[in-house]
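>>> quick one: sequence and predicted model below, then my questions.
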Amino acid sequence: MSIELDYPEFPYEDSPGWITWAQKPWNGVLVMVDGIPFKAGDKVTFDVSVYGHSTGQTLAAGTRGVVDVPADTTSVGYTIPWDGVLDAVIEGFVSAFYTVDPAGGGEPTTSQEGMVWYSLRRPDGTVCGPDD
């Protein structure tokens, strides 16, 4: 598979390049692809990895989300789940890329990797979660 598509975006970053406790990631984190002419029947597969960095950059969790495009559009999104994925680390980063399988057949295309830093730690050092 060749890398031909632009990277996915995290549209609700707290500040550029960051997903923090203020975004309430326990409700999921949206990753989007925008500005691509998707056709009805295309399949977009998001591959997401969550890395912790307390002991180096260690893979903590991963998930794959498949979106069947219902109608012609230029935007597709996937919400990264909290349980078993985002709850795997307190601090680290999230990376994502996507693959588009065209509805009418043809060669799948893959994106560049998008990345966002991730932290559940408040400025005072306390860690927050869904019960806060």
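Looks like it arrived, so ask away. Numbering: from 1, shown residues only.

>>> show me what the residue nearest the centre of the chain is bridged to.
Centrality entry for the chain: nearest residue to the mean C-alpha point is residue 31, 4.2 Å, by CA atoms, centre = their mean. Beta bridges link residue 31 to residue 78, judged by DSSP bridges.

>>> give the contact list for it.
8-10, 46, 48, 77-80, 96, 114 (CB atoms under 8 Å, 6 or more residues apart in numbering). (Each C-beta comes from the backbone N, C-alpha and C, glycine too.)

>>> cool, and residue 51?
57-60, 89, 92-95.

>>> go again using 7 Å as the cut-off
Going by CB atoms under 7 Å, 6 or more residues apart in numbering, residue 51 touches 57-60, 92-93.

>>> same check, this time on residue 53
Counted by CB under 7 Å, 6+ apart, residue 53 has contacts 91-92.

>>> roughly how far apart are it and residue 82?
From residue 53 across to residue 82, the span is 19 Å (CB to CB, to the nearest Å).

>>> state the pLDDT value of the residue nearest to the centre of the chain.
With respect to pLDDT, residue 31 scores 97.

>>> related to what we said a few turns ago, turn the contacts of residue 31 into CSV, columns for secondary structure.
Below are the contacts of residue 31 laid out as CSV (DSSP: H, G, I helix; E, B strand; the rest coil):
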residue, secondary structure
8, coil
9, strand
10, coil
46, strand
48, strand
77, strand
78, strand
79, strand
80, strand
96, strand
114, strand
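
>>> appreciated, that's everything.
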